[in-house]
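Got a sequence here, can you build the structure:
(one chain, ligands or ions: 1)
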Amino acid sequence: MKLSKGTILVRNCQLIDGTGAAPIPDGALVAQHGRITYAGPAAGLPPMAPDVEILDAGGGTLLPGLVEAHFHATYFNIAALEDLDIKYPVEYVSMLSSVNARLALECGYTAARSGGCLFNVDVWLKRAIEEDLLPGPRLATSGREICSAGGLMDWNPEFRKIGMEGLVFIINGAEDARRAVRALVKDGIEWVKTYPTGDAASPDINDHHTLCMTFEEMHAVVATAHNHKLKVTGHCRATQGIKNALRAGYDTIEHGTFMDAEALDLLLERDVPCIPALYFEKASIEHGPTFGLSQTVIDGHKETLEGGIESARLILRAGGRLGMGGDYGFGWNPHGDYARELTFFVKDVGLTPLEVITCATKTGAEIMGRSADFGTLEVGKLADLLLVDGDVLADISLLEDRTKFLAVIQGGVLKAGRLAPPFPTIVKSEL
Ligand SMILES: [Zn+2]
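The predicted structure is shown next:
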């Protein structure tokens with residue numbers, strides 16, 4: 001991704017640097033050649049060259065670009081399990097994912113860590129974004145997911161003779177687990193996504209208290225992945241599944257729904273981040289009836305929502321790390337609604353807006369292994385910025401509304417927002 005060749009000055013703003021530090025009321029930021037050279041009080045600004053490009057925030061808020069920590073680029077209006085896999089061919093799925101990537105950037109998400117994708121779309125989507133062919137967040141890729149036979153993701157009955165090769169590796173035992181990871185290594189992905197537990201979506205045979213992988217399988221995934229420098233995460237709701245994942249060496253925990261004291265200790269021991277993805281549960285409860293979800297499924301989502309809220313509070317209060325993101329791309333929880341997660345964590349979980357922003361910026365970059373590059377507004381880091389018309393600490397839900405965005409900036413380049421030029425639709429190749 002190209003960096004800006006010039007210098008920008010953002011001024012007349014409240015500056016939130018993403019570290020968790022108190023906001024600076026009259027802040028300013030300078031970025032030269034795409035990297036931050038000053039971030040602090042306007043009073044301390046260094047002398048400016050005459051050709052500097054000035055962005056006046058009109059008293060609005062400047063914060064680091066947001067990080068979606070559980071992004072599914074390939075999901076699109078999913079209303080039933082089958083929609084995850086066989087609804088569209090890979091050609092159309094890759095086009096949909098480019099639309100989702102652009103939307104995510106326009107929504108202020110300058111980076112995203114994938115929570116799994118169809119086929120091998122992430123790797124190639126990332127390449128197109130990195131080569132500036134498409135606008136989108138800086139991606140940490142995932143690929144086809146891994147689940148044991150009969151588990152949550154293995155829903156097609158045998159008589160249909162439908163393979164799941166675009167979505168998931170169905171494994172039996174540690175050898176299959178290694179084979180799946182090795183295929184992913186060849187695909188060029190960064191994060192291996194697994195299914196240690198079930199979910200409220202499958203109440204009969206794979207509910208949120210059911211284990212969908214054995215410890216041996218999970219351990220084989222981690223050993224093989226780590227050997228090739230890949231990271232591992234998993235859909236973990238049941239308490240035992242969380243513990244298995246942490247003992248197997250998982251790098252992050254998705255959901256972490258039913259934590260007990262022992263699971264929390266295991267999480268804190270290695271400071272493993274958890275991505276609760278709670279707004280999805282709320283949206284499922286509120287809009288489920290319209291989409292034909294059964295009362296049993298909705299009751300299950302109520303249980304996982306309550307458990308998830310409790311666990312998220314436990315983790316943060318104990319000094320653990322939370323990433324913000326989650327499962328957008330369902331009919332009732334569409335792409336574009338990403339920042340509803342942030343509002344939910346303020347209004348329903350009880351975090352302060354500043355805590356939530358830290359989770360959605362600094363921790364997000366840490367999860368991606370990119371904290372040296374972005375996530376906070378500090379000298380030397382990439383100028384990945386979000387400039388909002390209004391005070392997001394007074395009203396966190398401003399982040400849900402793209403029309404309030406003055407600028408979404410990556411590497412010092414204005415990509416979206418009211419001050420940005422239209423994105424060039426055709427990029428000439430440069431030799
Ligand atoms: Zn997911």
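
what's the strand or helix carrying residue 31 packed up against?
Assigned by DSSP states H and E, residue 31 falls within strand 24-32. Judged by 3 or more C-beta pairs under 8 Å, 6 or more residues apart in numbering; DSSP states H and E, strand 24-32 is in contact with strand 7-15, strand 35-41. Just so you know, the C-beta spots here come from the backbone N, C-alpha and C atoms, and that holds for glycine as well.

Give the buried residues for that strand.
By neighbour count on 16 or more other C-beta atoms under 10 Å, the buried set for strand 24-32 is 24, 27-32.

roughly how far is it from the heart of the chain?
26 Å (C-alpha atoms, centre = their mean, to the nearest Å).

ok, now stretch 364-375?
For stretch 364-375, the distance to the chain centre is 12 Å (C-alpha atoms, centre = their mean).

Next SSE downstream of the strand or helix carrying residue 103?
According to DSSP H and E, residue 103 maps onto helix 90-106. Scanning forward in sequence from helix 90-106 by DSSP H and E, the next helix or strand is strand 109-114.

strand partners of that following strand, parallel vs antiparallel please.
strand 66-71 (parallel), strand 138-140 (parallel) (DSSP bridges).

Averaged pLDDT, the first one. What do you get?
I take that to be strand 66-71. Averaged across strand 66-71, the pLDDT comes to 98.

would you put the C-alpha positions of that strand in PDB?
Output in PDB follows, covering the C-alpha atoms of strand 66-71 (Å, rounded to 0.1, in the frame of the first residue of the first chain):
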ATOM      1  CA  LEU A  66     -10.200   1.200  13.800                       C
ATOM      2  CA  VAL A  67      -9.300  -2.400  13.700                       C
ATOM      3  CA  GLU A  68     -11.900  -5.100  13.000                       C
ATOM      4  CA  ALA A  69     -10.600  -8.000  14.900                       C
ATOM      5  CA  HIS A  70     -13.000 -10.700  13.600                       C
ATOM      6  CA  PHE A  71     -13.700  -9.900  10.000                       C
END
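
what residues does that strand touch?
By C-beta atoms under 8 Å, 6 or more residues apart in numbering, the surrounding residues in contact with strand 66-71 are 104, 107-115, 137, 139, 254, 273, 275, 277, 323-328, 338-339, 360-361, 363-365, 367-368, 375, 386, 399.

try the last one
The contact list for strand 138-140 (C-beta under 8 Å, 6+ apart) reads 1, 71, 73, 101, 110-114, 122, 125-126, 129-130, 190-191, 367-370, 374, 384, 410.

List buried residues within those.
Using 16+ other C-beta under 10 Å as the burial test, the contacts of strand 138-140 include 1, 71, 73, 101, 110-114, 122, 125-126, 129, 190-191, 367-368, 370, 374, 384, 410 as buried.

Which residues of the stretch 201-350 of the chain lie near the ion?
residue 327 (C-beta under 5 Å from the ion).

Ok, the stretch 1-150 of the chain next?
Checking the stretch 1-150 of the chain against the ion by C-beta under 5 Å from the ion, the hits are residue 115.

Quick check: the residue of the stretch 1-150 of the chain nearest the ion.
residue 115 (4.0 Å; C-beta to the ion).

Would you mind measuring from the nearest residue to that residue once chain neighbours are set aside to residue 118?
Nearest residue to residue 115, sequence neighbours excluded (C-beta to C-beta, 6 or more residues apart in numbering): residue 70, at 4.1 Å. Distance, residue 70 to residue 118, using C-beta to C-beta, to the nearest Å: 16 Å.

can you check residue 23 too?
40 Å.

likewise residue 301?
24 Å.

Have a look at those two and say which one is more surrounded.
Comparing residue 301 with residue 118 by other C-beta atoms under 10 Å, the one with more neighbours is residue 118, at 27 against 24.

contacting residues around the more buried one?
Counting by C-beta under 8 Å, 6+ apart, residue 118 touches 74, 84-85, 90, 93, 144, 166-167.

And what about it, helix, strand or coil?
coil (DSSP: H, G, I helix; E, B strand; the rest coil).

residues touching the residue lying closest to it once chain neighbours are set aside, list them.
Closest residue to residue 118 apart from its sequence neighbours, by C-beta to C-beta, 6+ apart: residue 74 at 4.1 Å. With contact set as C-beta under 8 Å, 6+ apart, residue 74 has these partners: 93-94, 96-97, 100, 117-119, 121-122, 329.

One more pass at 6 Å, please.
93, 97, 117-118, 121 (C-beta atoms under 6 Å, 6 or more residues apart in numbering).

Make TSV out of the residues you listed and add distance to residue 202 and pLDDT.
Listed next are the contacts of residue 74 as TSV, based on distance: C-beta to C-beta, whole Å; pLDDT from 0 to 100:
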residue	distance to residue 202	pLDDT
93	23	94
97	25	97
117	21	95
118	19	94
121	24	97
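
tell me which of these is nearest to residue 259?
residue 117 (27.3 Å; C-beta to C-beta).

Setting the sequence-adjacent residues aside, check what's closest to that closest one.
Using C-beta to C-beta, 6+ apart, the nearest residue to residue 117 is residue 74, at 4.5 Å.

Check the spacing between that neighbour and residue 123 real quick.
12 Å.

Also residue 116?
Relative to residue 123, residue 116 is positioned 13 Å away (C-beta to C-beta).

Checking residue 202 next. Helix, strand or coil?
Strictly by three-state DSSP, residue 202 counts as coil.

what's the burial count for it?
Neighbourhood size, residue 202 [other C-beta under 10 Å]: 19.

show me what contacts residue 258?
Contacts of residue 258 by C-beta under 6 Å, 6+ apart are 239, 307.

Quick one, grab the pLDDT at it.
With respect to pLDDT, residue 258 has a value of 98.

list the buried ones in stretch 248-264?
Of the residues in stretch 248-264, 248-259, 263-264 count as buried by neighbour count, 16+ other C-beta under 10 Å.

Kindly check the end-to-end length of it for me.
Using C-alpha to C-alpha, to the nearest Å, one end of stretch 248-264 lies 15 Å from the other.

Distance from that stretch to the middle of the chain?
17 Å.

Then stretch 159-176?
For stretch 159-176, the distance to the chain centre is 26 Å (C-alpha atoms, centre = their mean).

Same check on stretch 200-215?
Per C-alpha atoms, centre = their mean, the displacement of stretch 200-215 from the mean C-alpha position of its chain is 23 Å.
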